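# Please find the sequence and the predicted model below.
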Amino acid sequence: GDSVTQMEGPVTLSEEAFLTINCTYTATGYPSLFWYVQYPGEGLQLLLKATKADDKGSNKGFEATYRKETTSFHLEKGSVQVSDSAVYFCALSVIGDYKLSFGAGTTVTVRA
Amino acid sequence: DAGVIQSPRHEVTEMGQEVTLRCKPISGHNSLFWYRQTMMRGLELLIYFNNNVPIDDSGMPEDRFSAKMPNASFSTLKIQPSEPRDSAVYFCASSSHNRDLTFGSGTRLTVV
């Protein structure tokens, strides 16, 4: 079935450090890929997405590139802030299927 | 737009009691999802409605859980009778045809 696997956390970083969260996927069709972010006490918010191979999604300094050859969609940010502390979820959906398949989530804590 | 609105934000109830969670999706969205989030199991899709019709309820844990969508602007998730293992954060999310889910802030349910 369709699924995503993301690196386990928690991840603890200092401010201005570089962040990478790995995400790989398995899909029977041609998926769209997403990163969602969940801040403490809130629901999930769409952070960025990519709908075809080699697309780069970006938002709030975060980037992820849809790599079909490695079935990956790794999330990166060059200089994190304390306000980036959150849980990050990788997800995919396949055309014609309403379901979003979520990864387990990665908790990121950024220390001042 | 006020986004997806869920109520209550927090609910504490005794085992055996009926619990009703409420959701108002974004106006114009034709798809509605109920998710459950726990530390052990992550995000689980409970039920999916399209145009107010339940399409997939395979994620509903057991007969104690039921969901309705009487119109395009309102949905409920009911648990009767509630059990301590139902304690979780329940999210409602809605989307239109582009599949970008918008989540509500969730209801934190504690069953004692």
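Structure received.
# What about A:Gly50, how many residues nearby?
Not quite, residue A:50 is Ala, not Gly. Using other C-beta atoms under 10 Å in any protein chain shown, A:Ala50 is surrounded by 21 other residues. C-beta: built from backbone N, CA, C; applies to glycine.
# again, but for A:Lys52
A:Lys52, neighbours per other C-beta under 10 Å, totals 11.
# pLDDT value on the residue of chain A found nearest chain B, please?
Minimum separation of chain A from chain B (C-beta to the nearest C-beta) falls at A:Gly43, amounting to 3.4 Å. If you check A:Gly43, the pLDDT there is 91.
# For the closest residue to it other than its chain neighbours, what are phi and psi?
Spatial nearest neighbour of A:Gly43, chain neighbours left out: B:Phe103 (3.4 Å); criterion: C-beta to C-beta, 6 or more residues apart in numbering or on different chains. Backbone geometry at B:Phe103, expressed as degrees, to the nearest 10, gives phi -90, psi 150.
# check contacts around B:Phe103.
A:Gly43, A:Leu44, A:Gln45, B:Val4, B:Tyr35, B:Phe91, B:Cys92, B:Ala93 (C-beta atoms under 8 Å, 6 or more residues apart in numbering or on different chains).
# Return the residues in contact with the fourth one.
Under the criterion of C-beta under 8 Å, 6+ apart, the neighbours of B:Val4 are A:Gly43, B:Cys23, B:Lys24, B:Pro25, B:Ile26, B:Cys92, B:Ala93, B:Ser94, B:Thr102, B:Phe103, B:Gly104.
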